[in-house]
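K.L.:
how would this look folded up:
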Amino acid sequence: MTDTPFPDAVFDGLAPAPVWAHFATLCRIPRPSKGEAPLREHLRRWAAGRGLAATVDGAGNLIIRKPATPGRENAPGVILQAHLDMVCQKNAGTAHDFARDPIRPLLRDGWLVAEDTTLGADNGIGAALILALLEDAETPHGPIEALFTVDEEAGMGGARGLAPGVLAGRLMLNLDTEDWGEFYLGCAGGLDVNVARPGAAEPLPAGFAPWRIDLRGLRGGHSGVDIHLERGNAIKLLVRLLRGLESRFSVRLCALEGGSARNALPREAFATIALPAAHGDALAGLLAEWQTRLRQELAGVDEGLTLACRPDSAERVMAPREQAVWLNSLHAAPHGVRRWSRQVPGVVETSNNLGMVALAPAGGSCNFMVRSLTDSGATALADEIESLFALSGTAVEKSGHYPGWAPNPASPLLALCRSVYERNFGGEAEVKVIHAGLECGIIGAKYPGLDIVSFGPTIRGAHAPGEAVDIASVGRAWRLLTAILAAAAA
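P.N.:
Predicted coordinates for the structure are as follows:
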């Protein structure tokens, strides 16, 4: 880890103190997807030190069991579920190693924020709420099983690997949603479409000079929660720009990179191109025109977009046919909302995120993450992407399908949660379906009859630098969690 002191003072005075103390621990210990082992071992030892049974299953999930409060042994068992990993995103130029460095949050106007990286409130706050409950001696409750899954952000590997018959609880509270005052009762499923194509490199043409183009400044965000906001996709915008330059100059593509997470809207993209030396002086002016045009198109959404160029170095370029295949295919590929739900007004039914691309003269790849409330909707859109690339003979692999979580409006647990909310906070909580993927559908498929509800505090900017969590809503989420457990055990 770096030698910069961890900002413990940031957490001083925040309530409830046990929740924030655990979140501080989660900020200290790196936890990228597939790199949760150090945190998991820390938590396993923490549980053992408190006399709580803790096991790690074959998928790497951590399960901690807390016996019922004396006299509540016959109350229905409750599973509390959150995932340990976080999306690792940082602004370009930020010196942060997610495998080694702690997250360094700061306080701003009632929010806990990470300025240049993701904060990991998704789903670290949910995990911290559960850990605080495990050591809480005041709340009456029935048998509790705390399920901390791994690899959620990179494909839900922990939930997929969870074996049937391991958990005994009949109720499950998932703490992985991001709007206080809402209970979630369903979510989208989805799959990945991975595209790869070998290339044919050629030498840099004589008389051509390489240039680097940077597109930065977009807001990004969660590819499920924020997909309907019509924020800019850095990959799509840069591809459009490159095709525009092709209409003016002889352009040869050396490299194109954009996005760094399949489930995050791409905020930045970069290209190295080669132009006839005589045309290089005109590039900056053209980029200024494009910047103005794109900012106008994204007014009210992503006006922070910037375009810049500088001389670069390159020895090879893509063959013209390969360049045409990639730029035309990426330009034509779908991105964004495909269909709004007719059954659940105001909720996206089907969408797609072109999340990552990496092209070089010798070949390249890209990833699309498709989400839908219906399996058929996800399959149809994935097949459409596959068909587009099949026109050029490009290989496509569809993988990682996970089921959606079908809503059950008659859920007894939902009725209990809504009653507790009204009694403690006044008014009625909203009941919603979320377009993001939660692990509830996968876990529910392995445990038929499991009654599941999801809720959480307010988080903004998940999956993007600047991610923030509303401090007051964390306190309210704690009050709600303890009140639900007490009511379930009454």
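K.L.:
average pLDDT across the strand or helix carrying V19?
P.N.:
Per DSSP states H and E: V19 is located in helix 17-28. The average pLDDT within helix 17-28 is 97.
K.L.:
got the CA coordinates for the next helix or strand after it in PDB?
P.N.:
Using DSSP H and E, the next helix or strand after helix 17-28 towards the C-terminus is helix 37-49. Taking C-alpha atoms only, helix 37-49 is exported to PDB below (Å, rounded to 0.1, in the frame of the first residue of the first chain):
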ATOM      1  CA  ALA A  37      -9.400 -12.900  -0.400                       C
ATOM      2  CA  PRO A  38      -7.500 -10.500   2.000                       C
ATOM      3  CA  LEU A  39     -10.800  -8.800   3.000                       C
ATOM      4  CA  ARG A  40     -12.600 -12.200   3.300                       C
ATOM      5  CA  GLU A  41      -9.900 -13.600   5.500                       C
ATOM      6  CA  HIS A  42      -9.900 -10.500   7.700                       C
ATOM      7  CA  LEU A  43     -13.700 -10.800   8.200                       C
ATOM      8  CA  ARG A  44     -13.500 -14.500   8.800                       C
ATOM      9  CA  ARG A  45     -11.000 -13.900  11.600                       C
ATOM     10  CA  TRP A  46     -13.100 -11.000  12.900                       C
ATOM     11  CA  ALA A  47     -16.100 -13.300  13.200                       C
ATOM     12  CA  ALA A  48     -14.200 -16.100  14.800                       C
ATOM     13  CA  GLY A  49     -12.900 -13.600  17.400                       C
END
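K.L.:
in the helix holding V19, what's buried?
P.N.:
For helix 17-28, burial by neighbour count (16 or more other CB atoms under 10 Å) applies to 18-28. (C-beta placed from N, C-alpha, C; glycine too.)
K.L.:
same for that helix, what does it pack against?
P.N.:
With contacts taken as 3 or more CB pairs under 8 Å, 6 or more residues apart in numbering; DSSP states H and E, helix 17-28 sits against helix 121-135, helix 471-489.
K.L.:
where exactly do the strands run in the stretch 251-400 of the chain?
P.N.:
Counting by DSSP state E, counting those that start in this stretch, the stretch 251-400 of the chain has these strands, from start to end: 252-258, 264-265, 269-276, 306-311, 316-318, 336-340, 348-360, 363-372, 395-402.
K.L.:
and these, which is most packed in?
P.N.:
Mean neighbour count (mean count of other CB atoms under 10 Å) peaks for strand 264-265 among the strands of the stretch 251-400 of the chain, with a mean of 28.
K.L.:
who touches that one?
P.N.:
Here strand 264-265 makes contact (CB atoms under 8 Å, 6 or more residues apart in numbering) with 87, 89, 218-223, 226-227, 231, 233, 353, 355, 463-464.
K.L.:
gap between the closest residue to A82 other than its chain neighbours and V474?
P.N.:
Distances taken as CB to CB, 6 or more residues apart in numbering place G126 nearest to A82, at 3.6 Å, with adjacent residues excluded. Distance of G126 to V474, given as CB to CB, to the nearest Å: 10 Å.
K.L.:
quick check on the contacts of strand 264-265: which are buried?
P.N.:
Buried among the contacts of strand 264-265 by 16+ other CB under 10 Å: 87, 89, 218-223, 226-227, 231, 233, 353, 355, 463-464.
K.L.:
can you show me the CA trace of the helix holding V19 as CSV?
P.N.:
Provided in CSV are the C-alpha atoms of helix 17-28 (Å, rounded to 0.1, in the frame of the first residue of the first chain):
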residue,chain,number,x,y,z
ALA,A,17,-20.5,4.5,14.5
PRO,A,18,-20.3,0.7,14.2
VAL,A,19,-21.5,0.9,10.5
TRP,A,20,-18.9,3.5,9.6
ALA,A,21,-16.1,1.7,11.5
HIS,A,22,-16.8,-1.3,9.3
PHE,A,23,-17.0,0.7,6.1
ALA,A,24,-13.6,2.3,7.1
THR,A,25,-12.2,-1.2,7.2
LEU,A,26,-13.6,-1.9,3.8
CYS,A,27,-12.0,1.2,2.5
ARG,A,28,-8.6,0.2,3.9
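K.L.:
any idea how far it is from the chain center?
P.N.:
Distance of helix 17-28 from the chain centroid (CA atoms, centre = their mean, to the nearest Å) equals 21 Å.
K.L.:
run through who's touching it.
P.N.:
6, 8, 11, 14, 39, 42, 102-105, 119-121, 124-125, 127-129, 131-132, 135-136, 474, 478.
K.L.:
what's the angle from it to helix 37-49?
P.N.:
150 degrees (axes from the mean of the first three to the mean of the last three CA atoms, to 10 degrees).
K.L.:
quick check: angle from helix 17-28 to helix 121-135?
P.N.:
Computed by the same axes, to 10 degrees, the angle between helix 17-28 and helix 121-135 is 130 degrees.
K.L.:
helix 17-28 versus helix 471-489: what angle between them?
P.N.:
Using the same axes, to 10 degrees: helix 17-28 against helix 471-489 is 120 degrees.
K.L.:
quick one, what contacts W111?
P.N.:
Counting by CB under 8 Å, 6+ apart, W111 has contacts 460, 468-471.
K.L.:
out of the residues you listed, which are buried?
P.N.:
Counted by 16+ other CB under 10 Å, the contacts of W111 give 460, 468-471 as buried.
K.L.:
any low-confidence regions in the stretch 101-250 of the chain?
P.N.:
Applying pLDDT under 70 to the stretch 101-250 of the chain flags no residue at all.
K.L.:
helices of that one, start to end?
P.N.:
Using DSSP state H, counting those that start in this stretch, the helices of the stretch 101-250 of the chain run over 121-135, 157-161, 234-246.
K.L.:
looking at these, which is buried most?
P.N.:
Mean neighbour counts for those (mean count of other CB under 10 Å) peak at helix 121-135, with a mean of 26.
K.L.:
which secondary structure elements does that one contact?
P.N.:
Using 3+ CB pairs under 8 Å, 6+ apart: helix 121-135 touches helix 17-28, helix 37-49, strand 78-83, strand 144-149, strand 459-460, strand 468-470, helix 471-489.
K.L.:
about what we covered before: could you dump the contacts of W111 into a markdown table and include distance to S250 and pLDDT?
P.N.:
Shown next, in a markdown table, are the contacts of W111 (distance: CB to CB, whole Å; pLDDT from 0 to 100):
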| residue | distance to S250 | pLDDT |
| --- | --- | --- |
| R460 | 45 | 96 |
| A468 | 46 | 98 |
| V469 | 50 | 98 |
| D470 | 52 | 98 |
| I471 | 55 | 98 |
